[in-house]
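I need the structure of the sequence given here:
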Amino acid sequence: MAAGQPPVIAVDGPSASGKGTVAQGVANALGFHYLNSGSLYRTVALAALEAGADLDDESILSNIALNLRAEFIGDTVTLGGRDVTDNIVAEVVSFAASRIAALPRVRKTLLERQRGFRRPPGLVADGRDIGSIVFPDAVLKIYLTASLEERAARRHKQLMEKGMDATMAALLQDIRERDQRDMTRPTAPLQRSADAVLIDTTKMSAADAVAQVLALYKQAPRAP
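As a prediction, this is how the structure comes out:
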């Protein structure tokens, strides 16, 4: 981290590994800003689906990303001034977001937007390439994971709480396919950085995971 730059804690990992819950908890504890990069890609996906856009057309999709009228305030996500917090977690949007995230021009368009979240006193950001691509100078990099079955169960619980129907079998298949796409895409694939600390949350509560990240941050070196 360059001197004078606000510190960044990067939390990467596969879908439904608990990144958002843990990152938000760490941000709250430290009084830092929070970036959920997945919500940004999901909002682009929702805008594309509503526009009837071809999900393989990089030109159209990067233009949608460039002109995205989205705001992230606390837990609320708005698109064009309307609340889409629940809309962006629908499975059809999740699937579209995973496809769109593999497109280099879309990722490049959203890169500077993500970096713009870095403001004093600091930032906790979660996603698939936060530590490797977006904030390679993060003072602490975490790679959060959990078993496939646990991640599917968490996703199922989240959808049920929002009144959305889903089966465990379908979610298991969806997460397997999403992992494959995320790990094998040519641009910014999901991978654990060599300097990232691995935390397996399969049998860990969110509070314990937050506490572990906070302890690691306390020990992390800072720029002079």
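
what residues are up against residue 77?
Going by C-beta atoms under 8 Å, 6 or more residues apart in numbering, residue 77 touches 39, 43, 70-71, 83-85, 88. All C-beta spots, glycine's among them, are computed from the backbone N, C-alpha and C.

Swap in 6 Å and give it another go.
39, 84-85 (C-beta atoms under 6 Å, 6 or more residues apart in numbering).

same thing with residue 110?
The neighbours of residue 110, taking C-beta under 6 Å, 6+ apart as the test, are residue 65.

now swap in residue 162 and tell me
Residue 162 sits next to residue 86 when contact means C-beta under 6 Å, 6+ apart.

on that earlier part again, any idea which of the contacts of residue 77 is the one closest to residue 175?
Looking at the contacts of residue 77 and their distance to residue 175, the nearest is residue 39, at 17.9 Å (C-beta to C-beta).

Skipping adjacent residues, who's closest to the closest one in space?
In this structure, residue 39 finds its nearest non-sequential neighbour in residue 77, 5.5 Å apart by C-beta to C-beta, 6 or more residues apart in numbering.

Centre of the chain to the helix or strand encompassing that neighbour, how far?
Under the criterion DSSP states H and E, the helix or strand holding residue 77 is strand 76-79. For strand 76-79, the gap between its own C-alpha mean and the chain's C-alpha mean amounts to 15 Å (C-alpha atoms, centre = their mean, to the nearest Å).

so what strands line up beside that strand?
Paired with strand 76-79 in the same sheet, following DSSP bridges, are strand 70-73 (antiparallel), strand 82-83 (antiparallel).

Would you mark the buried spots in it?
Using 16 or more other C-beta atoms under 10 Å as the test for burial, strand 76-79 gives 77, 79.

Ok, stretch 200-214 next?
Burial within stretch 200-214, assessed by neighbour count using 16+ other C-beta under 10 Å, is assigned to 201, 204, 209-213.

circling back: from the contacts of residue 77, pick the one nearest residue 113.
Of all these, the one sitting nearest residue 113 is residue 39; the distance, using C-beta to C-beta, is 12.0 Å.

Tell me the pLDDT of that closest one.
The predicted structure scores residue 39 at 91 on the pLDDT scale.

before we move on, what about residue 34?
In this prediction, residue 34 has a pLDDT value of 92.
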